[in-house]
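> attaching a predicted model along with its sequence, questions to come.
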Amino acid sequence: MSFLRSMWQRCFWRLYLVGKDLEGNRYFEFPNRGGDRPKRIIQYTSDDDMLAYVASGKRLPVQWSAWLTHTRRDAPTIEEVQADLAYRKRVQMNAARLEAKEKEERARLASQTAFQFSHTLRADIPKHVEPPLDLKKAQSDRREPDTKAYDPWAAANKTPEAPQSWIPTARHR
């Protein structure tokens, strides 16, 4: 019986149209000859589209890619794909709105702190005080080299280095 069935499927197998996405790509399902789950394929609107999806940044809808990989049992509907697209647009608009709000806040804080900083600089520094020029010169003259510093090579040079034999110790168990 399986021989007749396999011959029938080889000669008369059919593609079953499952659905379309918003780009116009069509998704098909057909019985697998040797397996238990059906094969799922995509037919792009043109051959150039296939190259665009494979090589460049164009992407299939997430719902359809999940269906193609058998992660999802049922094919998505057009309404579901449209709802997901509307959700993505809302998220992008909200992100742009939050970014603009944050940029305004940063600009406002930067101008406010610059204004406060300039006022504090003017109030704190008296104009008649000059820094002493001889201060750095006096500090550099006071420093003397440390003659009692520890020299690690002094102890190493006293004893001659000679190779010594090494005898490993037995391990006690």
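Yes, it's here.
> how far away is the residue nearest the centre of the chain from Thr45?
With distances taken as CA atoms, centre = their mean, the residue of the chain nearest its centroid is Gly57 (16.7 Å). To Thr45, Gly57 is 17 Å away according to CB to CB, to the nearest Å. All C-beta spots, glycine's among them, are computed from the backbone N, C-alpha and C.
> tell me where the protein has helices.
Using DSSP state H, the helices of the chain run over 2-12, 47-55, 62-68, 78-124, 134-142, 152-158.
> Ile41 is nearest to which of those?
helix 62-68 (7.8 Å; CB to CB).
> so which elements touch that closest one?
For helix 62-68, the elements it packs on are strand 26-30, strand 39-43, helix 78-124, judged by 3 or more CB pairs under 8 Å, 6 or more residues apart in numbering; DSSP states H and E.
> looking at the ones you listed, which is buried most?
strand 26-30 (a mean of 17; mean count of other CB atoms under 10 Å).
> give the partner strands of that strand in its sheet and their orientations.
Applying DSSP bridges, strand 26-30 is found paired with strand 16-20 (antiparallel), strand 39-43 (antiparallel).
> report the rounded mean pLDDT for stretch 108-125.
Here stretch 108-125 scores 71 as its mean pLDDT.
> rank the helices of the chain by pLDDT, which is bottom?
helix 134-142 (a mean of 58).
> what's the pLDDT at Glu130?
Value for Glu130, per-residue pLDDT: 59.
> now do the one 3 residues further on
In this prediction, Leu133 carries a pLDDT score of 58.
> can you give me the neighbour number for Asp64?
That one is not Asp; residue 64 is Trp. 23 (other CB atoms under 10 Å).
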